[in-house]
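K.L.:
fold the following.
(4 chains)
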Number of protein chains: 4
Amino acid sequence: MPIDVRPRVSSKHVPVKDSTLDPSRITQEDLTVRRLAGRRYLNPELAQKDDVATLGCFKNEVEYVMYDPRPQKNITSTFPMSMNRFVMELASARANVHFNPANTTIGIVTCGGLCPGLNDVIRSITLTAIRTYGVKRVIGFRYGYWGLSAAGRDTAQELTTETVRYIHRYGGTMLGSSRGPQPASEIVDTLEKLGVNILFTVGGDGTQKGSIRIAEEARRRNLDVAVLGIPKTIDNDLSFSHRTFGFETAVEQACVAIRAAHSEASSHMFGIGIVKVMGRESGFIAAQSTISSSQASLCFIPENPVSREVVLNLIKRRFELSTYCVIVVAEGFGQDWADCSGAPTDASGNKKLMDIGVEMKHLVEGFLKKNKALYPQSTVKYIDPSYTIRACAPNASDAAFCTNLSTLAVHEAMSGATDCIISMRYNQFILVPIKAAVSIRKMVDTRGMLWRMVREVTIDLSNDAASAQKRELQRELQTVSVKRESIINALSKL
Amino acid sequence: MPIDVRPRVSSKHVPVKDSTLDPSRITQEDLTVRRLAGRRYLNPELAQKDDVATLGCFKNEVEYVMYDPRPQKNITSTFPMSMNRFVMELASARANVHFNPANTTIGIVTCGGLCPGLNDVIRSITLTAIRTYGVKRVIGFRYGYWGLSAAGRDTAQELTTETVRYIHRYGGTMLGSSRGPQPASEIVDTLEKLGVNILFTVGGDGTQKGSIRIAEEARRRNLDVAVLGIPKTIDNDLSFSHRTFGFETAVEQACVAIRAAHSEASSHMFGIGIVKVMGRESGFIAAQSTISSSQASLCFIPENPVSREVVLNLIKRRFELSTYCVIVVAEGFGQDWADCSGAPTDASGNKKLMDIGVEMKHLVEGFLKKNKALYPQSTVKYIDPSYTIRACAPNASDAAFCTNLSTLAVHEAMSGATDCIISMRYNQFILVPIKAAVSIRKMVDTRGMLWRMVREVTIDLSNDAASAQKRELQRELQTVSVKRESIINALSKL
Amino acid sequence: MPIDVRPRVSSKHVPVKDSTLDPSRITQEDLTVRRLAGRRYLNPELAQKDDVATLGCFKNEVEYVMYDPRPQKNITSTFPMSMNRFVMELASARANVHFNPANTTIGIVTCGGLCPGLNDVIRSITLTAIRTYGVKRVIGFRYGYWGLSAAGRDTAQELTTETVRYIHRYGGTMLGSSRGPQPASEIVDTLEKLGVNILFTVGGDGTQKGSIRIAEEARRRNLDVAVLGIPKTIDNDLSFSHRTFGFETAVEQACVAIRAAHSEASSHMFGIGIVKVMGRESGFIAAQSTISSSQASLCFIPENPVSREVVLNLIKRRFELSTYCVIVVAEGFGQDWADCSGAPTDASGNKKLMDIGVEMKHLVEGFLKKNKALYPQSTVKYIDPSYTIRACAPNASDAAFCTNLSTLAVHEAMSGATDCIISMRYNQFILVPIKAAVSIRKMVDTRGMLWRMVREVTIDLSNDAASAQKRELQRELQTVSVKRESIINALSKL
Amino acid sequence: MPIDVRPRVSSKHVPVKDSTLDPSRITQEDLTVRRLAGRRYLNPELAQKDDVATLGCFKNEVEYVMYDPRPQKNITSTFPMSMNRFVMELASARANVHFNPANTTIGIVTCGGLCPGLNDVIRSITLTAIRTYGVKRVIGFRYGYWGLSAAGRDTAQELTTETVRYIHRYGGTMLGSSRGPQPASEIVDTLEKLGVNILFTVGGDGTQKGSIRIAEEARRRNLDVAVLGIPKTIDNDLSFSHRTFGFETAVEQACVAIRAAHSEASSHMFGIGIVKVMGRESGFIAAQSTISSSQASLCFIPENPVSREVVLNLIKRRFELSTYCVIVVAEGFGQDWADCSGAPTDASGNKKLMDIGVEMKHLVEGFLKKNKALYPQSTVKYIDPSYTIRACAPNASDAAFCTNLSTLAVHEAMSGATDCIISMRYNQFILVPIKAAVSIRKMVDTRGMLWRMVREVTIDLSNDAASAQKRELQRELQTVSVKRESIINALSKL
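P.N.:
Below you'll find the predicted structure:
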């Protein structure tokens, strides 16, 4: 449905008021937090009457949650700076809105690779905007940021309750997607032309960095535009977050592939099944699906780099216990095996990875060939289920998660939140400033519970080798010093 | 496999030492907590060497997490007593153990109704006990507490890595289950006869109350037996917990039924589809599956009781907007419609409920018949998917959850924890004393985010009726005063 | 999309020529067949050029297949009249068409209960009509024959490639359905008003009897209208047919319920799981899902009526072998248990059945209560998955089947076939005159391979009781004399 | 479970009597058939009493079915030799057995690549042998023919109702598999040592050729051993057969991959999704899953070889109609693109194929790169789901099919059938001599209904290009002359 590209009408904008400096609402002890809290502006004319607020779900008061829910004493002993002095803002439906729904136009854009739940996000944003708020118009931009560029803006389409009715049943994104940035000036031109007040950007790190540029360009032009990010990373490697949409579905699908690999491997003498799963820099899918399936013998992730020799030794050890071996490997593992200097990047700016699945297949085949006498009739089956994993519709859990996430995004955006994303942490939805969210990447803590569990259900990578402990200690130090400090640094500098 | 029923050999028991009174580890501010913390006894002879502890996942230090992660000031304003002074103990793998694995016999029993993941729990306990600790023996008791009674104890079977290898692929429980208590004295006789040191009781409220009686009887006899509960409630209505195993799978399956009801209803003029889901006293499955499916028009839960007239009015309102209507109803809803005084109970002591699904079907059919002129060709399709929901194998998310829960249960029990259950709260596994866990039941907060979301995706139950607000306020008061205070009371009295 | 209700323009109708009497194409030995073959009229002006016919899939010549592919000698010995002298006409894409696509309007109506694949049928008819033939218009009638009646005709909607694009992913029917007949005169009025040349009626026995009345009324008015039936019976009880759409999906879903019943039953001591599946007069779903699941202990179907006592004796026998019992029962079984004289009927004219599932549950519960000492802790779980079975989307096999069936229906209708249905027999699609198809119902041959297989995987109903053989022989005689002769009679009288 | 390797006791063999020469049962017109019919020997001492035979499912009389069920006149006009003079023997449970169950040992071996249903076959053979016949022993040989060789025979394991109870829920084969032949003399040594009377060989062409060698070697040694093949080809390319086990499940799984490819492709501007499915020499999976999914734009199979240019032209044509393109390609397609002389073979003797999936990916990527201006932002996603397809458990339809197939195999083998396989043709189970079955391979008839249907749901490969008709005619001639004549030849020479 082509869009009526009229210049934006009227719109007497309330001067943007940064509530983060509102002395009546902020106390001293909140200050560390408020640096995180993004720009929030209230529009007094649009303040809801009391009866709405008292209905319970629409709140006037902002609530906070501590960054770390452990009591202070535990923490102070370990860290130079107490992390539970940081608090995050809970996302909520707000009794007061900033934008007048009757005049508000909302835009949605989906960027980067597919992820289960994209259509659910589009649908929930659209339905909440139209049904709960009765906004003037919802516009879907096609094929990522390209759809907001000068070249692509004519492809924008209006989204209605009809057009989004059944899209949550499919994988992919009804709006289409693409990789790579587009000039912020062209994008803000588009927003101006179409009168967009709120832009929801659904995408990963690169997309969210783009969100900041768009918001800044809009502010430079003195436009009252809110840009809210819906973080998309199937790898679940978002900081300040315990769960991202699509991750659980991805694990569910990865388990299907692991099950197949197990059937293949166990149906052959010295059969080896290799499953490569997503995880460019973190092994959450690999680790979680190893635990879920309970059928992998070995699990390799980027956070726990080991050499080719160690891989082969682990297979040898497995073959002392069993006649088959199932390997789960995250795509980001083993990148140190090759000389990757000067490796090319894709349109999103991601470094192109060596295909560790194929590499490991060759490694293992070579090993088995050399040891034919020991391992007769051996066979290697390699499964790369990546596109099947990411292109399917979300399971029930992710569907509900997307609905919650997106609905809260609309509520917060209508109340004026901008430059932030919605994420889930300790089972609660919070607002995180984009600048903080993109500053570091979440990784599997190899001393934490997830990796312990992997170690318990697999041939453990570390608990018998002589040098294992030293390596463990180094890793511990690294974890404590690098990872956590980098978070503190990131927070402090904001 | 019949069990060797020898009397328990030797066993020089280390005198039980209650670490909750260890002054070096407990501070004044912890005291409110420690009342929750269960009995923990350490066996110095079995303390692990340092190298294990430093491996990172096996910890010597006990860590805590706050009951409420919101900063104090928010809470003090609302509540007379700050709830974030309560802390819960994080469950963990322990470097020091209380039981000597080589002499330890572990027992498992599953009680009450089926729940997806029971076999995963049995399997993970068995594998962790055998592989990680190398315990002497794992015994499975058949058909609930009956299998521990004098009548049933001969049916006990030994569990090995072989017998549990593939059981996680099936629904149900390989050990069998039954309802109702058995004499604690007979049960402890059985434990003595078979030399059981640790008993894992997988079951709901009734089962866990039984756990306490067993533990007390064992202490009375001066036996060194740990009883650890794995809480099982498909309804997800456990206090001090955000998630129980099987719940997400149940929601997934409920969505299948809702999808069928939607197909039926929408394929008929004035078609009504009714799906009854589990939820005796709380509507979590109903609410969550309503959100996940995005296809229900109405959702009725026990926490939000409405009259027959309101139900019919909501259907009328729906028929002003659409030609079909999908209703999700929790089994505990509408129990106030009938005079239920003197209602019978089942073997678990649960009150027998009126079948609200059938009741609602009749109500709706009568209504449509009376309004035939308005709603020609109308039809009602009623789906009761309960057994299909609870008897299936867990999805990947629940499978991993069961593995984590059960493995931690073994770790904690080996280190001496008893009289408590493992639960998940704010994304972390914690220990909760059984007495606290069974004292109150978790309910859907009709002012919270879950119910708000339901209201946004359905024909809202409350946002336009004249008397709605008054009802809402009453509910709010009730929620604040009754529910939260009851928690505080429960905690304080321990 | 509302429909342009113009009176039908022009339409110089070619005088209907009944090719069944064309002496050049029919030989003496075909005569018995041709009485079955329906009305076929060719429109010489629209005969395709040779190049189309030679493309191979579009055929000019009509091919036949024998009713019984066994060689004559086997059969003549048993039957007075050789059944392999009957031949059926193979359905095919035709090189010559009767209707000029540019002027042709096609109508579709779906009637009766839901069945997996209804949307696939609507979609394939629409796409073939538009893409392959480029017909003028495709009209969908809403809610069964009601949508063709005077009251309902204004609800008709145009079907385009857009409106049907994704409907095959859902259960139900996008057109809606209803039960019961409507006056043929009103229906033909609608066809005239909208200029419908071909009407596809998707439905069961009652619907197809309606098709005949419509075709006859149209002929009475001298209209050139073809009426083609797409037989819909999830029970797979259509004569002259080995498979109907939705059946395999229904079996797949029934197996899910049986698996749940098996988990429930086997998780309890003397647990009994009962699954009621569809099958009003024939037990194909019950029998096939019993074989597929390999987990049922007993299977009851209408074709093999047994008394309450026999049912309970079989359960007793099962409990001598095992501690649990899974029962599959077709809804039409046990109707002789009750006095059903004067039983009411539904809008389709189907006799309302006693709910054998509930009846059997009560029977079994009473039995277990009376024998509490023998069967302690027994429990009965009853599952009725009917709506979940019929309201889901088809599996891959049924999806392809629907596509083939519907596409051939369009091809045959465009070439002038009328008053017949398309069915599959011996793996080939054939045309069957509706009059023949509705004259008798297919039943499970209790002496055939399907029932033998059921007997091998369950506690057999007949192979040890003293009187079993006599009953078997009677059944054999009945099968041979009644069933086959009734077919011959049906064929001969046409 | 190790096997008791005693030399075979006693065994007064009834002299083998070839019933194919019994003049009282064979007429002149059957002669062409009986050449196909395998060796059948009856053991008069073991003839069942009448009462068994009259029970209906156990038959004494052999029934036949015509090879071609079309009436003669249609055929005689086209073919020099009438094919409906050939008849096939219907498989059945027999009232008379050849082997005395009490002394009979049965062996099972699974060979070659995985296929959904292998475990169902193992299970059904075992259960029928034990439950229905009460045979002495069932032996499973490990890892294909290797398990029957001198090196592998010690790994044989006894199969009981317990060991096979739940195996039908998993993919793979509990016995393991391997490729390649083993010396017939070693295999027959093993059969002699273990006293195996009936060997079931589950495998493809190579395996069945091995079956013949085994049967011949056994006859040479004058052993009374029956060798019965269960044909395994996921490609469904077996002659004299319309369906092989695992095929429908494979199509179901292929559709999942096609759906993912569709989501990927349609979510990108000029997105192309490529799915490679199995089909070394025939495109049944590709064709059927194209129809089932209704989401492929192009389908390439070995039977319809086209050049790289045609492939690219079809993509161009698709991009004139749409912004995305989904391609399904069978692995055997495009092998003529490369010079494959001297290509290596795998252990089963199969020629190693060029990886057409990867090849096509490169081809398409190159094309899009060269036409960047026309197709901006294009992307290619390649999915190879092969191992996921073949390693899963069968769907309900295949599960029932496997049960029927295997049970009939046991019935026929017990009655003395040997040197033949069981297959399904025109919805009936028949016996086919192995020599006939392996003589030719079934292919997709590009003039038949399957391919016509593919052409209707995709961008047709042939109906507009200038030279298409000539190619079509050539293909038609080829089909008629080569394929059918080769069948006749094969039949005649036997």
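K.L.:
all contacts plus neighbour counts: C-alpha atoms, from now on.
P.N.:
Fine.
K.L.:
low-confidence stretches in the stretch 201-350 of chain A?
P.N.:
Under the criterion pLDDT under 70, the flagged ranges of the stretch 201-350 of chain A are A:339-344, A:347-349.
K.L.:
what segments of it are strands?
P.N.:
Assigned by DSSP state E, counting those that start in this stretch, the strands in the stretch 201-350 of chain A fall at A:226-231, A:271-277, A:298-300, A:324-330.
K.L.:
CA atoms only: put the helix or strand residue A:387 falls within into CSV for me.
P.N.:
Assigned by DSSP states H and E, residue A:387 belongs to helix A:386-390. Output in CSV follows, covering the C-alpha atoms of helix A:386-390 (Å, rounded to 0.1, in the frame of the first residue of the first chain):
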residue,chain,number,x,y,z
SER,A,386,21.7,-21.9,10.7
TYR,A,387,19.1,-20.6,8.2
THR,A,388,16.6,-23.2,9.4
ILE,A,389,17.1,-22.0,12.9
ARG,A,390,16.8,-18.3,12.3
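K.L.:
quick revisit: let's have the strands of the stretch 201-350 of chain A in CSV, adding distance to residue D:439.
P.N.:
What follows is those, written out as CSV (distance: least, C-alpha to C-alpha, whole Å):
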stretch, distance to residue D:439
strand A:226-231, 59
strand A:271-277, 32
strand A:298-300, 45
strand A:324-330, 36
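K.L.:
out of the ones you listed, flag the one nearest chain D.
P.N.:
Comparing the strands of the stretch 201-350 of chain A by their distance to chain D (C-alpha to the nearest C-alpha), the top pick is strand A:271-277, with 9.8 Å.
K.L.:
sheet partners, orientation included, of that closest one?
P.N.:
strand A:324-330 (parallel), strand A:379-383 (parallel) (DSSP bridges).
K.L.:
want to try a markdown table for these, with distance to residue D:88 and mean neighbour count as columns?
P.N.:
Converted to a markdown table, these look like this (distance: least, C-alpha to C-alpha, whole Å; neighbours: other C-alpha atoms under 10 Å in any protein chain shown):
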| stretch | distance to residue D:88 | mean neighbour count |
| --- | --- | --- |
| strand A:324-330 | 43 | 27 |
| strand A:379-383 | 39 | 21 |
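K.L.:
using a markdown table, lay out these together with distance to residue D:241.
P.N.:
Formatted as a markdown table, the strands paired with strand A:271-277 follow (distance: least, C-alpha to C-alpha, whole Å):
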| stretch | distance to residue D:241 |
| --- | --- |
| strand A:324-330 | 35 |
| strand A:379-383 | 30 |
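K.L.:
please parse chain A into its domains.
P.N.:
For chain A, the structural domains run A:19-243+A:394-437, A:247-393, going by automatic domain parsing.
K.L.:
the shortest one spans what distance, first to last residue?
P.N.:
If I follow you right, that is domain A:247-393. Taking C-alpha to C-alpha, to the nearest Å, the first and last residues of domain A:247-393 lie 12 Å apart.
K.L.:
tell me the contacts of the residue of chain A found nearest chain C?
P.N.:
Residue nearest to chain C within chain A: residue A:169 (8.5 Å; C-alpha to the nearest C-alpha). Counting by C-alpha atoms under 8 Å, 6 or more residues apart in numbering or on different chains, residue A:169 touches residue A:393.
K.L.:
low-confidence stretches in the stretch 351-494 of chain A?
P.N.:
Where the stretch 351-494 of chain A drops to pLDDT under 70, the residues are A:460-494.
K.L.:
near chain D, which residues of it? Just list them.
P.N.:
Neighbours of chain D within the stretch 351-494 of chain A, by C-alpha under 8 Å from any C-alpha of the partner chain: A:377, A:381, A:382, A:383, A:384, A:385, A:387, A:388, A:391, A:392.
K.L.:
and for the last one, nearest residue in space, chain neighbours not counted?
P.N.:
In this case it means residue A:392. residue A:171 (4.3 Å; C-alpha to C-alpha, 6 or more residues apart in numbering or on different chains).
K.L.:
over to the fifth one?
P.N.:
Closest residue to residue A:384 apart from its sequence neighbours, by C-alpha to C-alpha, 6+ apart: residue A:276 at 5.2 Å.
K.L.:
which residues touch the nearest residue to residue A:395 once chain neighbours are set aside?
P.N.:
Closest residue to residue A:395 apart from its sequence neighbours, by C-alpha to C-alpha, 6+ apart: residue A:249 at 5.6 Å. By C-alpha under 8 Å, 6+ apart, residue A:249 lies in contact with A:116, A:389, A:394, A:395, A:398.
K.L.:
ok, which pair from these is furthest apart?
P.N.:
Spanning the widest gap among the contacts of residue A:249 are A:389 and A:398, at 13.5 Å by C-alpha to C-alpha.
K.L.:
how near is residue A:303 to chain D?
P.N.:
27 Å (C-alpha to the nearest C-alpha, to the nearest Å).
K.L.:
for that residue, give me phi and psi.
P.N.:
phi -70, psi -10 (degrees, to the nearest 10).
K.L.:
next, count neighbours for it.
P.N.:
By other C-alpha atoms under 10 Å in any protein chain shown, the residues close to residue A:303 number 18.
K.L.:
you'd agree it is up against residue A:282?
P.N.:
Yes - in this structure, residue A:303 is within contact of residue A:282 by C-alpha atoms under 8 Å, at 6.4 Å.
K.L.:
need the domains of chain A in a markdown table (columns: distance to residue D:69).
P.N.:
Below are these laid out as a markdown table (distance: least, C-alpha to C-alpha, whole Å):
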| stretch | distance to residue D:69 |
| --- | --- |
| domain A:19-243+A:394-437 | 43 |
| domain A:247-393 | 40 |
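K.L.:
show the contacting residues for residue A:305.
P.N.:
A:333, A:334, A:336 are the contacts of residue A:305 under C-alpha under 8 Å, 6+ apart.
K.L.:
going by neighbour count, which of the residues you listed comes out on top?
P.N.:
residue A:333 leads the contacts of residue A:305 on contacts (other C-alpha under 10 Å) with 26 neighbours.
K.L.:
what's the closest non-adjacent residue to it?
P.N.:
That would be residue A:302: by C-alpha to C-alpha, 6+ apart, it lies 4.2 Å from residue A:333.
K.L.:
show me the contacts for residue A:372.
P.N.:
So residue A:372 contacts residue A:378 (C-alpha under 8 Å, 6+ apart).
K.L.:
give me the residue from the stretch 101-250 of chain A nearest chain B.
P.N.:
For the stretch 101-250 of chain A, C-alpha to the nearest C-alpha, closest residue to chain B: residue A:248, 6.6 Å.
K.L.:
more neighbours: residue A:389 and residue A:398, which one.
P.N.:
residue A:389 (29 against 23).
K.L.:
flag the shaky bits of the stretch 51-200 of chain A, pLDDT-wise.
P.N.:
In the stretch 51-200 of chain A, residues with pLDDT under 70: A:51-62, A:67-68, A:70-87.
K.L.:
how many other residues sit next to residue A:366?
P.N.:
The number of residues near residue A:366, taken as other C-alpha under 10 Å, comes to 12.
K.L.:
so the residue in chain A sticking out farthest from the centre, which of the three states?
P.N.:
Centroid-distance maximum for chain A: residue A:373 at 46.8 Å, with C-alpha atoms, centre = their mean. When classified by DSSP: H, G, I helix; E, B strand; the rest coil, residue A:373 comes out as coil.
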